[in-house]
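Q: Here you go, sequence then predicted model.
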Amino acid sequence: MQACAHRQGVRAFGAARPARAACVRVQASSGLVPLVESMQRDQMKSGLPKISVGDSVRVGLRVQEAKGKTRTQSVDGVIIAETGTGLGRNVTFRRVFQGIGIELKLPVHAPVVDYITLVNHGRVRRSKLYYLRDRIGKSAKLKEIVGAAKSKRTAQVAAAEAAMRADDEARAAEAAARQAAAAPKPEAEAEEAPAAGSA
């Protein structure tokens, strides 16, 4: 049984595979991945607090008003889920307003998020707090971390923030080194280079 000529990619069952034509494969060079990562790091916000699921936070959202004016709307709520890493990190933010639950899925590093302030750490044992959707009143509240657990959590947050600051400083040093490498050579060095090559 012969494969139809107009169907190039189809061959009869059991037929011999034709010789492969030389094809050009485009692969991402290893130099592209660090470049993309550095571009993403440059777009990430610095100075954000270390937040996790169960934390009560105050989020400042930039709101566009008429005539090009913007203002910051502050909303309080609880982080009930988080997904993604790096530039693509999202948090699901839940707030109960006048008896109605409102959830926002916020990209942490998006321009619409002006600031995130930590109010307190909630004591949770799950990574997703979707059960809060069914709760109302006092049962929808999370207990705050107190005592030794609070000091331990505070130490963890301080260590994470110190690591973030060190990462920011390393990123700034890396950007300065890139700018120095990309800067044009002074004319004196440019004239000496051809003279050394001809000798």
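A: Yep, it's here.
Q: Can you tell me which residue is spatially central in this protein?
A: Centroid-nearest residue in the chain, with C-alpha atoms, centre = their mean: Leu87, separated by 2.1 Å.
Q: which SS class is it?
A: Leu87 falls in the helix class when you classify it by DSSP: H, G, I helix; E, B strand; the rest coil.
Q: quick one: the closest residue to it other than its chain neighbours and Gly84, what's the gap?
A: Spatially, and ignoring its direct neighbours in sequence, Leu87 is nearest to Gln40 (4.4 Å; C-beta to C-beta, 6 or more residues apart in numbering). Any C-beta I mention is one placed from the backbone N, CA and C, and that applies to glycine too. According to C-beta to C-beta, to the nearest Å, Gln40 and Gly84 sit 12 Å apart.
Q: Please identify the buried residues of the longest helix belonging to the chain?
A: Criterion DSSP state H: the longest helix present in the chain is helix 148-182. Residues of helix 148-182 classed as buried by neighbour count (16 or more other C-beta atoms under 10 Å): 153, 157, 164.
Q: I'd say the last one and Met44 touch.
A: Spelled out, that is Met164. No. With contact defined as C-beta atoms under 8 Å, Met164 does not count as touching Met44 (9.9 Å).
Q: How many residues are close by Leu132?
A: For Leu132, the neighbour count with other C-beta atoms under 10 Å is 20.
Q: low-scoring stretches of this structure, by residue?
A: For the chain, the stretches with pLDDT under 70 are 1-31, 185-199.
Q: Recalculate using a threshold of 50.
A: Residues of the chain that meet the criterion pLDDT under 50 lie in 1, 3, 199.
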